[in-house]
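1. task: produce atomic coordinates for the following.
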Amino acid sequence: DLRRASARRFSVRALQGARPVRYYVVDMTSSSAKLERGLDFHRQGRLAEAAVAYREVLGSEPRNADALHLLGLVMAAEGRGQDAVGFIGAAAALQPSNAVIHANFGSALSDLGRHAEAVQCFDRALTVQPDLAAAYLGRGSALMHLGRLDQALANLGQAVRLAPKDARAYNALGVALERAKRPEEALRIFQQALAFDPRNAEAHHNLGLVLAALGRHAEALASIERALALQPQQAALHSNRGTELLALRRPADALASFDRALGIQPGDAIPHHNRGLALMSLERHTEALASFDRALELAPVSVQTHLWRVKALVGLARPAEALASLDRTLMLAPPEFETHFQRGVALAMLERHEESIASFSQALTLDPNSPEAFNNRGAVLVRLFRPAEALEDFVNAVTRRPDYADAYVN
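-> The predicted structure is shown next:
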C-alpha cells in the first residue's frame, strides 16, 4: 500500500528578550511638587495620572528635561513609540551629559526598529558613564537585531559583569547565545536568570524553547507552563505550549492550547497553522484544511502551510486539488523534498504512475535516506508490474528503518 507518512513540522515563536530592557532610572536635576507627584504615580503604575502631572509641569516649564524624559517613559510604557522618541529625544538634547536619558532614548528608538540610531545613543550614554549596565544591555540587544552577533555577545557579557544579579541581562545574553547556535550555553544562562528571578516569565519561556530545540520536550513543556502561570494572557505561550504537546503526541490537548492562543490573538498565522497540525494528527482533515486556509489568508507565502494544506487534501481523497495546490507552492520556493514527495502521492492517487515515480525519484535525490520515499516509489512500481525494482525499494526502506512494518508488508 502507498503510505503518506512524512516528517511533522511545527511553527514556534522566537525567543523573547531581544528588545532592549528599559530601565526607569531617574536622576532628576529639577524639583517641584508636581514632578514629584507624577513620579509617585509613575512608580505605582498609575501612568495616566503621572502623565497629567508631567504635562502640568511642561505647561509652565516646556524645557524641563526631567518632565520630558518621564513623560516619554510613560509613552513608551503605553506603546506610543513615536511620542516616546519625541519626548525623550528632547530631554536628551537638553541634558547631553545625562547617560540614563541617552540610554532610554536608545531603547525607545530600538522599540521602533531604529536599531542603528539606538546604538549611537547607547554609545553616547557610555561615553558619559562607562559603567552603565543598562546601556551595554540596550546596545547588545540593538546589535543583535542588526545581525552583529559577536559584538552583541560582548556587550551583553559586559552588562552581566556590571549587573551580576540582573535576570533581564542574563535573559538577553541567553537569547544572543541561542542565535549564535550555542544552545547549551544559552540553557545555562537562562537557568542563571531564573536563579536570580524565578518570576521572570520571559526566561522561563526562552528556557522552554531552547529545551524544545534540544529535543527535551517534557522539560520544555514544564518551563512554558511556568511562564504561563506568570503570564496567562500571552498568546505566544499558549501557542508554544501546544507545539510541545504535539511533540509529546498529545494532539487533543495541543488543540485546546492553540484555540486558547487564537482566543487571545485571532489574527496570528502560527497558531492557525499548528491547529491544523493537531487536527491532522486527530484525522480531522476537513477542519485541518480550514485551519490551513485561514493561516494562508494571514501568511500567504508560507511554504510549509501550503504543503500541509496539500496533505489535508490528500487525506480527504482530493488529489487533483492537492496537485493544483502543489503547483502554487512551486511558485513560492525552490522545490524541496517534501514538495516532490507530496506530488508523488497526489499523482499516484490520480493513477499517473510514471509521473509519480519521477516525483519520488526527485525526492530521493534530495533525501536519499528517506524510507517513506523508497516505500512509496516501490508501491507505485508494483502497480506498474515492476516487482523486481519494487523489491529493491522496499529493501532500501526497511534497511533505513528496521521497524517499518508497512514496508515489510509491501
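
2. quick one: the helices in the stretch 201-350 of the chain?
-> 201-213, 217-230, 235-247, 251-264, 269-281, 285-298, 303-315, 319-332, 337-349 (DSSP state H, counting those that start in this stretch).

3. mean pLDDT for these: which is lowest?
-> Among the helices of the stretch 201-350 of the chain, helix 319-332 carries the lowest mean pLDDT, at a mean of 89.

4. how much does that helix deviate in direction from helix 285-298?
-> Here the directions of helix 319-332 and helix 285-298 differ by 30 degrees (axes from the mean of the first three to the mean of the last three Cα atoms, to 10 degrees).

5. extract the CA atoms of the helix or strand in which Gly106 is found and return them as PDB.
-> For Gly106, the host element (DSSP states H and E) is helix 99-111. In PDB, the C-alpha atoms belonging to helix 99-111 read as follows (Å, rounded to 0.1, in the frame of the first residue of the first chain):
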ATOM      1  CA  ALA A  99      23.700  59.000  30.500                       C
ATOM      2  CA  VAL A 100      20.400  57.500  31.600                       C
ATOM      3  CA  ILE A 101      18.300  59.700  29.300                       C
ATOM      4  CA  HIS A 102      20.500  58.700  26.400                       C
ATOM      5  CA  ALA A 103      20.200  55.000  27.200                       C
ATOM      6  CA  ASN A 104      16.400  55.300  27.500                       C
ATOM      7  CA  PHE A 105      16.400  57.300  24.200                       C
ATOM      8  CA  GLY A 106      18.200  54.300  22.600                       C
ATOM      9  CA  SER A 107      15.600  51.900  24.000                       C
ATOM     10  CA  ALA A 108      12.800  54.000  22.600                       C
ATOM     11  CA  LEU A 109      14.500  54.100  19.100                       C
ATOM     12  CA  SER A 110      15.000  50.300  19.200                       C
ATOM     13  CA  ASP A 111      11.300  49.800  20.000                       C
END
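
6. in whichever helix or strand comes after it, what counts as buried?
-> Using DSSP H and E, the helix or strand that follows helix 99-111 towards the C-terminus is helix 115-128. Residues His115, Ala118, Val119, Gln120, Cys121, Phe122, Arg124, Ala125, Leu126, Val128 are the ones in helix 115-128 that count as buried (16 or more other Cβ atoms under 10 Å). In short, each C-beta sits where N, CA and C put it, glycine included.

7. kindly report the same for stretch 256-269.
-> For stretch 256-269, by 16+ other Cβ under 10 Å, it's Ala256, Ser257, Phe258, Arg260, Ala261, Leu262, Ile264, Asp268, Ala269.

8. reformat these as CSV; add distance to Leu149.
-> Shown next, in CSV, are the buried residues of stretch 256-269 (distance: Cβ to Cβ, whole Å):
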residue, distance to Leu149
Ala256, 37
Ser257, 32
Phe258, 32
Arg260, 34
Ala261, 30
Leu262, 33
Ile264, 32
Asp268, 27
Ala269, 27
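
9. mean confidence score for stretch 93-110?
-> Here the average pLDDT along stretch 93-110 is 94.

10. buried set for that stretch?
-> Quick answer for stretch 93-110 (16+ other Cβ under 10 Å): 94-95, 98-110.

11. run the chain-centre distance for it.
-> 29 Å (Cα atoms, centre = their mean, to the nearest Å).

12. if we can go back for a sec, what's the closest of the buried residues of stretch 256-269 to Val74?
-> Nearest to Val74 out of the buried residues of stretch 256-269 is Ile264 (Cβ to Cβ; 25.3 Å).

13. let me see the contact set for the closest one.
-> Gln233, Gln234, Ala235, His238 (Cβ atoms under 8 Å, 6 or more residues apart in numbering).

14. counting neighbours, which of those residues comes out on top?
-> Counting neighbours by other Cβ atoms under 10 Å, the top entry in the contacts of Ile264 is His238, with 24 neighbours.

15. not counting its neighbours along the chain, what's nearest that residue?
-> Residue nearest to His238 in three dimensions, not counting chain neighbours: Ala261, with 3.8 Å by Cβ to Cβ, 6 or more residues apart in numbering.

16. so what's the one you found up against?
-> Ala235, Ala236, His238, Ser239, Gly242, Asp268, Pro271.

17. just the pLDDT for the nearest residue to Leu94 once chain neighbours are set aside.
-> Nearest residue to Leu94 in three dimensions, chain neighbours excluded: Ala65, at 4.0 Å (Cβ to Cβ, 6+ apart). pLDDT for Ala65: 92.

18. gap between Ala65 and Arg80?
-> 19 Å (Cβ to Cβ, to the nearest Å).

19. which of the two has more neighbours?
-> Ala65 (20 against 14).

20. hang on, that one packs against Ile101?
-> Yes. With contact defined as Cβ atoms under 8 Å, Ala65 counts as touching Ile101 (7.2 Å).

21. who touches both of the two?
-> Joint contacts of Ala65 and Ile101 (Cβ under 8 Å, 6+ apart) are Ala91, Gln95.

22. show me where the stretch 51-200 of the chain has strands.
-> For the stretch 51-200 of the chain, no strands are identified by DSSP state E, counting those that start in this stretch.

23. just for it, where's the confidence low?
-> Scanning the stretch 51-200 of the chain for pLDDT under 70 picks out no residues.

24. mind listing the helices for it?
-> Going by DSSP H, counting those that start in this stretch, the stretch 51-200 of the chain shows helices at 65-77, 81-94, 99-111, 115-128, 133-145, 149-162, 167-179, 183-196.

25. now the second one: buried residues?
-> Within helix 81-94, the residues that qualify as buried are Gly81, Asp83, Ala84, Val85, Gly86, Phe87, Ile88, Gly89, Ala90, Ala91, Ala92, Leu94, counting by 16+ other Cβ under 10 Å.

26. okay if I get these as CSV plus distance to Glu338?
-> As requested, the buried residues of helix 81-94 are arranged in CSV below (distance: Cβ to Cβ, whole Å):
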residue, distance to Glu338
Gly81, 39
Asp83, 46
Ala84, 44
Val85, 44
Gly86, 48
Phe87, 50
Ile88, 48
Gly89, 49
Ala90, 53
Ala91, 53
Ala92, 51
Leu94, 58
